[in-house]
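*Asks:* Build me a model:
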Amino acid sequence: MGEKESTIATADGEMYAFSAWPDDDGPHPVVVMYMDAPGIREELRNFARRIAAQGYYALLPDLYYRLGDIRFNLKNRNEKMGEMIFAAWHSLSNAGVASDTAAMLDFLGSETAASDGPMGCVGYCMSGAYIVTVAGTYPDRFAANASLYGVWIVTEHDDSPHLLAGKIQGEMYLAFAEHDHWVPDNVIPDLTAAFDANGITHEIETYPGTEHGYAFPERDMYNEAAAEATWEKMFALYARTLG
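*Replies:* Residues are numbered from 1 along each chain as shown. Predicted coordinates:
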């Protein structure tokens, strides 16, 4: 497997990104993996490697680059670190991530291992909002979009991602935890209504007995059965949509 670290030029500075791809001849369909709130760490790089092992060019960008090289050691997480993580998260915006994604697309255009055809994406936690945002902002590129226990997808603000449903052309897969105080009761019904009204191919499901963060092996709430089921659904989505 090939892998490398790169610097992507954006409108706001230089963004770190990790890439992984199969050894066999490419180019390979691209899957962009948008990070969760704790940011870049080896656990996410391993997720990117797992995606690459399925035949894709996986790109993992550091969305916190505007703040510098922010890295959190979650094994030492305490109250103060939690405050720093939330501060970093709240420095982001849907518009900013959409702009960053334009820079990613430019970068991918020069990567010989990356296909310039339909792409996929996956986002965890905070990045559920960004998955829906980029699916609606770049509908001609993002054909397979997965959000895992995504938050702030439906809000009362003018930039609420679900308002872009009318522009989405790709297929959507959204998985939620049964117990998640970050996801109000109206989110799943409102998303379902928005996708149905716009004829979007989608699947929205809730995994029983799970909590927010269930997909990460290094978290106390890790649920292996649900995490593996989510991987299977995501890879099935990519296989039928991206090849």
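*Asks:* got a list of contacts for the worst-scoring helix or strand of the chain on mean pLDDT?
*Replies:* The weakest-scoring helix or strand in the chain, judged by mean pLDDT, DSSP states H and E, is helix 79-89 (a mean of 88). Here helix 79-89 makes contact (C-beta atoms under 8 Å, 6 or more residues apart in numbering) with A37, P38, G39, Y64, L67, I70, F72, M126. C-beta here means a position set from N, CA and C on the backbone, and glycine is covered the same way.
*Asks:* cool, stretch 216-231 as well?
*Replies:* 36, 43, 50, 74-75, 124, 148, 175, 207, 209-215.
*Asks:* quick one, longest helix in the chain?
*Replies:* The longest helix of the chain (DSSP state H) is helix 224-242.
*Asks:* got a pLDDT number for Y173?
*Replies:* Confidence at Y173, expressed as pLDDT, is 98.
*Asks:* Now for the spatially most central residue of the chain: which residues touch it?
*Replies:* The residue lying closest to the centre of the chain (C-alpha atoms, centre = their mean) is G123, at 1.8 Å. Applying C-beta under 8 Å, 6+ apart to G123 gives the contacts M33, Y34, M35, D36, A129, Y130, I131, A146, S147, L148, G150.
*Asks:* do that again at 6 Å, thanks
*Replies:* G123 makes contact with Y34, Y130, I131, S147, according to C-beta atoms under 6 Å, 6 or more residues apart in numbering.
*Asks:* The longest helix of the chain: which residues count as buried?
*Replies:* A226, A227, T230, W231, K233, M234, F235, L237, Y238, T241, L242 (16 or more other C-beta atoms under 10 Å).
*Asks:* nearest to G170, of the residues you listed?
*Replies:* Nearest to G170, judged by C-beta to C-beta, of the buried residues of helix 224-242 is T241 at 7.4 Å.
*Asks:* number of nearby residues for N145?
*Replies:* Residues within reach of N145, counting by other C-beta atoms under 10 Å, total 27.
*Asks:* Strand partners (parallel or antiparallel) of the one helix or strand A17 maps to?
*Replies:* Remark: A17 resides in strand 13-21, with elements defined by DSSP states H and E. Counting by DSSP bridges, the strands paired with strand 13-21 are strand 2-10 (antiparallel), strand 57-61 (antiparallel).
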